[in-house]
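Enquirer: dropping a prediction and its sequence here:
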Amino acid sequence: QSAFETYPDLAKQLSRFEFVIAEKSGSGTVSSAAGTVVIFRGIQKMHLGDETLAFLIAREMGHVIGRHHDENAATSILFSVLASVFMPISNLLNGSAALAQTASTSSATAASAAVASAASFVGSKITIESYKSDQSREADAVALNLLGKLGWSRKNIAEALVTDTRVMGDDS
């Protein structure tokens, strides 16, 4: 409710958040553009404090509110379209048009499709990785904003995160 009050445009994107505990032994959280926030059961073994757990959940909500899933999907689609447009052109420029009249057309076409897919995948992953830290900072800011609206102390959250980072041995 606080998220929808704080970010009124969110109602245009989704009607509610759904929170799910996944029976996965690893520790982590993920979310989807549809507003599903998943907490892996392995988090329980870490014995994190309420502040840290609240922050992890709110951070995933921040990714949804920031539309990061949509940005990442759009980037992947853009690279796929670019690869499908530019790979045939480069094939023509390289004389691959002649291959179209030979018996090995299907293998050349399959190879071209594989190269286009690989280029699309690698290009989109590199681009998404380049703005991942910006998305994380934005999700962190949204999380702190949401928790602040609910009366959580930013100082207490920060101290809990520092403490739990030391316990975990990293900041992941």
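Expert: Perfect, thanks for sending it.
Enquirer: please list all residues in contact with the most centrally placed residue in the chain.
Expert: For the chain, the residue sitting closest to the mean C-alpha position, by Cα atoms, centre = their mean, is residue 69 at 5.1 Å. By Cβ atoms under 8 Å, 6 or more residues apart in numbering, the contact set of residue 69 is 31, 32, 33, 63. C-beta here means a position set from N, CA and C on the backbone, and glycine is covered the same way.
Enquirer: any idea of the mean pLDDT for stretch 143-152?
Expert: Averaging pLDDT along stretch 143-152 yields 95.
Enquirer: now which of the contacts of residue 69 would you call buried?
Expert: 31, 33, 63 (16 or more other Cβ atoms under 10 Å).
Enquirer: quickly name whichever of these is closest to residue 1.
Expert: Using Cβ to Cβ, residue 31 comes nearest to residue 1 of those, at 17.7 Å.
Enquirer: give me the number of residues near the residue nearest to residue 6 when sequence neighbours are not counted?
Expert: Leaving aside its sequence neighbours, residue 6 sits nearest to residue 149 (Cβ to Cβ, 6 or more residues apart in numbering; 5.6 Å). Neighbour count of residue 149, defined by other Cβ atoms under 10 Å: 12.
Enquirer: please verify my assumption that residue 149 contacts residue 2.
Expert: Yes. Residue 149 lies in contact with residue 2 (Cβ atoms under 8 Å); the separation is 5.1 Å.
Enquirer: quick check: which element contains the residue nearest to the centre of the chain?
Expert: Following DSSP states H and E, the helix or strand that holds residue 69 is helix 68-93.
Enquirer: just send the buried ones among the contacts of residue 69 back as JSON lines, with secondary structure too.
Expert: Compiled in JSON lines, the buried ones among the contacts of residue 69 are given as follows (DSSP: H, G, I helix; E, B strand; the rest coil):
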{"residue": "31", "secondary structure": "strand"}
{"residue": "33", "secondary structure": "coil"}
{"residue": "63", "secondary structure": "helix"}
